[in-house]
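S.K.: What follows is a predicted structure for the sequence shown.
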Amino acid sequence: MIGKFITKSEVETIQLGKDFAKMLKAGDVVALYGELGSGKTKFVQGVCLGLNVKETVNSPSFIIMNKYEGDLVIYHFDLYRINSLDELIEIGFHEFIYNDAISLIEWAEKVKDILPQKRYEIYLNFGRYENEREVEIIKL
C-alpha cells in the first residue's frame, strides 16, 4: 500500500484511507500534507472507517484534536490554525504522538521537525479533473 495512487472521487479517497488503515498498528504516526480541500480529512475519514470508528469524523480545525475509539485509539490533529510549536508543546503534543494510539496529523508540515523519524507521510494533490486526487503514501 506504499506508492502513488489516483482517486477520482471523495468516495475513492475515503476507500484508499480505509485500505491504508489495514497497515497501521499501535503507535503509528501518519503525517498528511496537501492544500486546503485536497482531501486530507476524507482520507482520515477512511482510515477511521477502516479502524472501526463508529462516530462521525470531522476536521478538528477549531479545537486542534479529536480523539476517536475504534480498534485502536486515534488522535486526529488539524494544525491549520497553529502558529507556533510552543502552542502544541503546551497541550502535550509529544504525549499524544509517542504512545500506543494512532496519530493522524493534518498540516504536518507545521511540526515536521518534531515528528518521529519512523512515520507514514501522505501527500494529497489536486489531479487534472475536479474530484481527482493524486495521493502518495511513503513509509519513513
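M.R.: Done, it's in. Numbering: from 1, shown residues only.
S.K.: if I look at residue 50, how far off is residue 109?
M.R.: As judged by C-beta to C-beta, to the nearest Å, residue 50 and residue 109 stand 24 Å apart. Using the backbone N, CA and C atoms, a C-beta is placed for each residue, glycine as well.
S.K.: Looking at the two, which has the bigger crowd around it?
M.R.: Counted by other C-beta atoms under 10 Å, residue 50 and residue 109 do not tie: residue 50 has more neighbours, with 21 against 13.
S.K.: can you pull the contacts of the residue nearest to that one when sequence neighbours are not counted?
M.R.: Once flanking residues are discounted, residue 50 sits nearest to residue 21: 2.7 Å by C-beta to C-beta, 6 or more residues apart in numbering. By C-beta atoms under 8 Å, 6 or more residues apart in numbering, the contact set of residue 21 is 46, 47, 48, 49, 50, 51.
S.K.: can you pull the buried residues of the lowest-mean-pLDDT helix or strand in the chain?
M.R.: Each helix and strand of the chain was given a mean pLDDT (mean pLDDT, DSSP states H and E); the minimum falls on helix 85-90 at a mean of 83. Neighbour-count burial for helix 85-90, counted by 16 or more other C-beta atoms under 10 Å, picks out residue 88.
S.K.: could you point out which element follows that helix?
M.R.: Going down the chain from helix 85-90, the next helix or strand is helix 93-97, by DSSP states H and E.
S.K.: what's that next one packed up against?
M.R.: Other elements packing on helix 93-97 under the criterion 3 or more C-beta pairs under 8 Å, 6 or more residues apart in numbering; DSSP states H and E are strand 73-78, strand 102-106.
S.K.: Indicate which one of these is closest to residue 27.
M.R.: Closest of these to residue 27 is strand 102-106, at 7.8 Å (criterion: C-beta to C-beta).
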